[in-house]
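Chemist: Based on what follows, work out the 3D shape:
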Amino acid sequence: RGIGGEEEEKVVLDPADMDDPCMVEGIDCYIDAARGVEDVPTDMVCNVLIRLPFKKIKKFMRPTQNALGYDWSFYKLRNFMNQSDAQAYMDKKPVPYVRRGGKLYIVDHHHTLVALEMSKWDVHVTLQCVEDQPKEERSKESFWGYLEGRGWAFIRDEDYNRLDYSQLPKGFAIRDYRNDIYRSMGGFARLYKVLKRGKPLNERLFFEFRWGYFFWLHRDNDEESLWPSRRMHKGWYRMLQLLSDIDNKEYMLEHVEETATIEDMLFLSQQLIEPAYRMACFYLRHLLYAYDELEGEDRVVPGLARIFGSEHTALYGKVLPEDKMKMEVRKQMGMVEPKEEKEKKKEKENKTSKDKDAKKEKKESKKDKKSKKSADAEMNGADEVEDEDELGDGSKGILFSFEELEGEEFAKEPEKGEEKGEA
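Modeler: Next comes the predicted model:
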């Protein structure tokens with residue numbers, strides 16, 4: 001089967017022709033059937049790699065989520081300052097997809113692809129197939145139920161109610177997605193070393209969305225909230241309102257992604273948005289520390305498995321200690337030198353130290369030579385030896401040996417009774 005071709009026809013399946021118990025029950029049944037599946041069935045394993053220009057391949061690519069964090073996509077623009085940087089970054093980001101018919105359903109890197117779309121660079125994109133789902137074997141509803149049950153799709157409104165898959169975007173224009181500020185918060189919590197995610201694909205997919213859902217649950221400081229203090233919640237919520245206001249006025253009303261340059265958008269992110277998230281994470285970490293102290297059943301997050309199609313009822317990832325965040329914040333604010341600068345500084349210090357040692361060695365060598373010369377002079381009756389401060393007044397003096405003075409005529413006081421000149 002090739003990629004592309006005509007638009008898919010609706011597949012109408014007769015329940016009598018299929019051994020499909022979910023046909024009548026609907027998508028919830030498909031989700032439950034797929035929930036907890038850890039491995040791709042052998043006959044569906046797909047290791048195909050595709051590498052094509054983005055403008056050519058994107059018409060066959062289909063998103064599997066209807067929301068993303070605008071702020072996180074704008075943050076990612078720093079990787080797309082020019083064509084060369086954009087290509088180098090995308091080479092490190094193979095995009096996983098599930099194939100169905102002539103379409104490639106993207107299951108990760110939506111924020112990266114949206115940032116690439118905003119940058120307008122046409123670079124080669126590498127896509128990696130993780131599963132092949134022949135469309136004749138599943139109805140559309142079964143297919144989307146399977147993706148959601150595997151935790152490979154997110155189709156929810158701002159209150160986490162399920163939407164129909166027909167409401168998914170068809171491409172990667174940022175305005176086709178709902179802005180999820182809690183998802184951005186999850187990304188910045190990772191950036192500022194408050195959270196750390198695992199490496200397996202099932203732990204990476206929708207990691208920030210899961211934690212974003214947890215933040216959304218704790219948006220109010222009610223009786224069931226884990227916020228350790230009212231002050232921390234109030235500070236975080238104030239930052240949340242500020243960021244929401246920036247997003248609504250700068251992005252949605254001004255069409256900034258259509259009218260501004262990458263430099264302008266990045267300036268807005270660096271100077272305004274990122275400091276606000278940094279401050280938000282300062283308060284947020286106290287909520288995460290409180291969650292991290294829970295054990296067993298207390299760690300269960302209500303609705304998590306239902307919304308994200310997983311048997312895991314607790315959150316993935318690791319809450320990092322306070323010193324990790326402090327160090328990262330210092331680094332982001334330029335208070336910690338980058339590795340290259342540190343190495344240069346160390347190299348310079350080593351060179352200075354070597355120069356000092358060389359000077360010290362030279363000085364000691366010179367001193368040894370002087371001592372040797374003085375010793376030789378005393379033994380051999382040298383005519384004169386230079387020495388500093390020998391006169392005791394800081395000036396240089398010339399010493400004469402007593403032997404040299406014998407026979408010399410010099411003035412001396414005449415003895416009593418002697419006449420001058422008889423000396």
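
Chemist: With adjacent residues omitted, what lies nearest to Phe207?
Modeler: Arg197 (4.4 Å; Cβ to Cβ, 6 or more residues apart in numbering). Yep, even glycine has a C-beta here, placed from its N, CA and C like the rest.

Chemist: residue contacts, the one you found?
Modeler: 190, 203-204, 207, 316-318 (Cβ atoms under 8 Å, 6 or more residues apart in numbering).

Chemist: quick one: the strands in the stretch 151-300 of the chain?
Modeler: 178-179, 195-196 (DSSP state E, counting those that start in this stretch).

Chemist: Give me the helices and strands touching the first one, please.
Modeler: Read that as strand 178-179. strand 67-68 (3 or more Cβ pairs under 8 Å, 6 or more residues apart in numbering; DSSP states H and E).

Chemist: what's the average pLDDT for the strand it packs on?
Modeler: If you average the pLDDT over strand 67-68, you get 96.

Chemist: Buried residues, stretch 175-194. List them.
Modeler: Neighbour-count burial for stretch 175-194 flags 177-194 (criterion: 16 or more other Cβ atoms under 10 Å).

Chemist: Over to stretch 225-233?
Modeler: For stretch 225-233, using 16+ other Cβ under 10 Å, the buried residues are 226-227, 232-233.

Chemist: Let me know the closest of these to Glu347.
Modeler: Nearest to Glu347 among those, counting by Cβ to Cβ, is Met232 at 43.5 Å.

Chemist: Next up, the contacts around the closest one.
Modeler: Neighbours of Met232 in contact, by Cβ under 8 Å, 6+ apart: 283, 286-287.

Chemist: Most neighbours among those, which one is it?
Modeler: Within the contacts of Met232, most neighbours by other Cβ atoms under 10 Å means Leu287, with 23 neighbours.

Chemist: Next up, the contacts around that one.
Modeler: 215, 218, 226-228, 232-233, 236.

Chemist: cutoff 6 Å now
Modeler: Taking Cβ atoms under 6 Å, 6 or more residues apart in numbering, we find Leu287 in contact with 218, 226-227.

Chemist: ok, now how distant is it from Met232?
Modeler: 7 Å (Cβ to Cβ, to the nearest Å).

Chemist: Can you list the low-confidence ranges for the stretch 301-423 of the chain?
Modeler: Counting by pLDDT under 70, the stretch 301-423 of the chain has low-confidence residues at 324-346, 369-370, 372-423.

Chemist: what do you get if the cut-off is 50, keeping everything else the same?
Modeler: Within the stretch 301-423 of the chain, the ranges that satisfy pLDDT under 50 run 382-414, 416, 418-423.

Chemist: Brilliant, that's me finished.
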